[in-house]
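>>> Fold the stuff below for me.
(2 chains)
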Amino acid sequence: MSKQTQVYDKEIVFAGLAVFLIIVTFPFWYNLVLGKAASAPVPELTKEAKAAKTCVLPAAEMKSEHMRILDVWRHSVVRQVKRVYTTPDGRDFEMSLTNSCLECHYNKTEFCDKCHTYASVDPYCWDCHIDNPKEIK
Amino acid sequence: MNENYMFSLMAVILLFLLAVLGVDGFGLYSFFGIFVPYLSFAVFVGFFLYRVIGWARSPVPFRIPTTCGQGKSLPWIKHAPIDNPSTTGGVVVRMLLEIVLFRSLFRNVKLQFRERGAKIFYDWELWLWIAALAFHWAFFAVVVRHLRFFTEPTPGFVKFFEYMDSFFRVEILTDVVQIGLPAMFISGFVLLVAVVYLLLRRMFIPKVKYISLSSDYFPLFLIIAIAVSGILMRYVSKVDIVSVKAFTLSLVKLSPALPEGVGTIFYVHLFLVCVLLVYFPFSKLMHMGGVFMSPTRNLANNTRMKRHVNPWNYPVDVHTYEEYEEEFRDKMIEAGLPVEKGE
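Sure, this is the predicted structure:
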């Protein structure tokens, strides 16, 4: 028997493969068609944040660990009534989103939201801290 | 100890070391970050198509659907339209249920000897089905979730998956382990538990172990390594997610730019995923495409309604009796043999 070269049920096989191609190349065409030409967001610092120079931890560490720190803070305040956080370099802070973090970072839309939206993260901080009293807007 | 799983385990460890050595030791960031991902994606897509088209070249001369119910017959005999479909519509429903629910695996039984081999039992093998279902769906959820790194803005369905996936708010806050935020995605852990079960099953059930080869263990170890590295990156040794997304977006926008200050673990995760993509089209993982091509599932059982001609039937040189008699009539008459047409 000679080598088979014919593709059987061509229409349905190629239709299926086309669907496969469309699905696996989704990121390529999605960004081309619907994507925004967005570069990585740079959160804006307020003048208070700039003046303070460092947060409770160095910026690189804050980037990846701030959510864990906030969670631990809440746990420590609510469960253990420990309200003071001492940084590795010996500064003391009140463990409070509103009273410490938002003291400098009161610009939620330009600071928090920028990266959160970009990384598709929807933190539940604002479920309770509703009106964000420190935000001047 | 079994050389099959030791071989696969060693292969995965070697691949892990290769990524660590390449990135940390030799600083081959652009090789592991740009060249390998593009190459692996091209290999995955190219050979996936090649294999499916290769299968489509095989003729299916007969209707060979597995009949799991009463075929279409006389009107007063109850027909099972999904388990023994006679129409394309029935086939579509059957395939769909097979793909999303693994119905044929659900029906799987295992042979057991009881009472010292005196009696044979066929037990329903439920756990394999549950683990397989959990594994595949969790993997699907994980893949969809990862689209947040490849799209800007993140489409709604990805956000919906993330929302559903972080539905259970797990919080473990001790001095050592601090998990709670970022929110725990359940799919990653379901994936890991299921794949570990599938591995242990092959390792500890003697009959399954007997038929398991390195090519069965390798993808399991590889997926375990991918899941563990991913879980570590999210909950323990966190990476800067914004840099990662900028990098992955640059990849899909075809203007690759390496991320700054993203740890080795990210490159390990990425490299192992690339290995999985390259391995995919050459391995049993091709059942992803193969399930659609399986003639025991995708054919309608309509042999009594339609004539199916064997596609490799070739024209046969026929010499009919009429032609034969035409040729030899004189000799036949001479020999006194009866002929149909006289002089």
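
>>> how much space between the residue nearest to A:A119 when sequence neighbours are not counted and B:V109?
Using CB to CB, 6 or more residues apart in numbering or on different chains and skipping residues adjacent in sequence, the residue nearest A:A119 is B:I241, 4.9 Å away. Yep, even glycine has a C-beta here, placed from its N, CA and C like the rest. From B:I241 across to B:V109, the span is 46 Å (CB to CB, to the nearest Å).

>>> so what's residue 3 scoring on pLDDT?
In the absence of a named chain, this looks at chain A. Note for A:K3: predicted pLDDT of 57.

>>> meant chain B, my bad for not saying
B:E3 carries a pLDDT score of 84 in this model.

>>> what's around it, how many residues?
Neighbour count of B:E3, defined by other CB atoms under 10 Å in any protein chain shown: 9.

>>> Tell me how many other residues crowd residue 113.
As the question left the chain open, I've gone with chain A. Neighbours of A:D113 under the rule other CB under 10 Å: 16.

>>> please go with chain B instead
Neighbour tally, B:F113, other CB under 10 Å: 10.

>>> Ok, the one 3 residues further on next?
The burial count assigned to B:R116 is 6, neighbours taken as other CB under 10 Å.

>>> Quick check: which element contains it?
For B:R116, there is no enclosing helix or strand under DSSP states H and E.

>>> and the gap between it and chain A?
Per CB to the nearest CB, to the nearest Å, B:R116 is found 51 Å from chain A.

>>> Report the contact partners of that residue.
By CB atoms under 8 Å, 6 or more residues apart in numbering or on different chains, the contact list for B:R116 is empty.

>>> same thing with B:K209?
When contacts are counted by CB under 8 Å, 6+ apart, B:K209 touches B:2, B:202-203.

>>> Can you tell me which of these are buried?
Buried by 16 or more other CB atoms under 10 Å in any protein chain shown: B:R202, out of those.

>>> picking that back up, ok, the residue nearest to A:A119 touching A:M67?
No - using CB atoms under 8 Å as the test, B:I241 is too far from A:M67 to be in contact (10.4 Å).

>>> Who has more neighbours out of these two?
B:I241 (21 against 17).

>>> quick one, phi/psi of that one?
Note on B:I241: its backbone torsions stand at phi -70, psi -30 [degrees, to the nearest 10].

>>> Contacts only, for it.
Taking CB under 8 Å, 6+ apart, we find B:I241 in contact with A:64, A:115, A:119, A:121.

>>> Now, these that are in helices?
Using DSSP state H, the members of these that fall within helices are A:64, A:115.

>>> Can I get the helix or strand where B:M164 lies in CSV, CA atoms only?
Using DSSP H and E, B:M164 sits within helix B:156-165. C-alpha atoms of helix B:156-165 as CSV (Å, rounded to 0.1, in the frame of the first residue of the first chain):
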residue,chain,number,x,y,z
GLY,B,156,-13.3,39.5,32.8
PHE,B,157,-13.3,35.7,32.6
VAL,B,158,-9.8,35.6,34.0
LYS,B,159,-10.9,37.8,36.9
PHE,B,160,-13.9,35.6,37.4
PHE,B,161,-11.7,32.5,37.7
GLU,B,162,-9.5,34.3,40.2
TYR,B,163,-12.4,35.4,42.2
MET,B,164,-13.9,31.9,42.3
ASP,B,165,-10.5,30.4,42.9
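
>>> counting contacts, what elements does that helix pack onto?
helix B:126-146 (3 or more CB pairs under 8 Å, 6 or more residues apart in numbering or on different chains; DSSP states H and E).

>>> Summarise which helices and strands the helix it packs on is packed against.
helix B:103-106, helix B:156-165, helix B:186-204.

>>> Pull the last one out as CSV, backbone CA atoms only.
Looking back up the chat, that one is helix B:186-204. The C-alpha coordinates for helix B:186-204 follow below in CSV (Å, rounded to 0.1, in the frame of the first residue of the first chain):
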residue,chain,number,x,y,z
ILE,B,186,-7.4,26.7,45.9
SER,B,187,-6.7,25.3,42.3
GLY,B,188,-2.9,25.2,42.8
PHE,B,189,-3.2,23.0,45.9
VAL,B,190,-5.9,20.8,44.4
LEU,B,191,-3.6,20.3,41.4
LEU,B,192,-0.7,19.4,43.6
VAL,B,193,-2.6,17.0,45.8
ALA,B,194,-4.3,15.3,42.8
VAL,B,195,-1.0,14.9,40.9
VAL,B,196,0.7,13.5,44.0
TYR,B,197,-2.1,11.0,44.4
LEU,B,198,-1.8,10.0,40.7
LEU,B,199,1.9,9.5,41.3
LEU,B,200,1.6,7.5,44.5
ARG,B,201,-1.0,5.4,42.8
ARG,B,202,1.5,4.4,40.1
MET,B,203,4.2,3.8,42.8
PHE,B,204,2.2,1.8,45.3
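
>>> tell me the angle of that helix relative to helix B:156-165?
70 degrees (axes from the mean of the first three to the mean of the last three CA atoms, to 10 degrees).

>>> Now the next helix or strand along the chain from helix B:186-204: buried residues?
Later in the chain than helix B:186-204, the nearest helix or strand by DSSP H and E is helix B:206-210. Buried residues in helix B:206-210, counting neighbours by 16+ other CB under 10 Å, are absent.

>>> What is the three-state secondary structure of B:T151?
Classification of B:T151 by DSSP: H, G, I helix; E, B strand; the rest coil places it in coil.

>>> Let me know the helix or strand that the residue nearest to A:F14 when sequence neighbours are not counted is in.
Nearest non-adjacent residue to A:F14, counting by CB to CB, 6+ apart: A:V7, 7.9 Å away. For A:V7, there is no helix or strand it lies in under DSSP H and E.

>>> what sits against B:G90?
By CB under 8 Å, 6+ apart, the neighbours of B:G90 are B:81-82, B:300.

>>> so it sits in a strand?
No - per three-state DSSP, B:G90 lies outside any strand segment and is helix.

>>> show me where the chain has strands.
Just going to use chain A. For chain A, strands defined by DSSP state E occupy the ranges A:84-86, A:92-94.

>>> Chain B is the one I meant
Assigned by DSSP E, chain B shows strands spanning B:109-114, B:119-124, B:172-173, B:178-179.

>>> tell me the most buried of those?
Comparing these by mean neighbour count (mean count of other CB atoms under 10 Å in any protein chain shown), strand B:178-179 ranks first with a mean of 18.

>>> Pull up the pairing partners for that strand, direction included.
strand B:172-173 (antiparallel) (DSSP bridges).

>>> Other residues contacting the partner strand?
Identification of contacts with strand B:172-173 by CB under 8 Å, 6+ apart yields A:71-72, A:75, B:178-180.

>>> and of those residues, the nearest to B:S40?
B:I179 (31.1 Å; CB to CB).

>>> got a list of what that closest one touches?
Applying CB under 8 Å, 6+ apart, the residues near B:I179 are B:170-173, B:235.

>>> May I have the predicted confidence score for the residue nearest in space to the middle of chain A?
Note on chain A: the residue nearest the mean C-alpha position is A:H116, at 3.2 Å, using CA atoms, centre = their mean. pLDDT recorded at A:H116 is 88.
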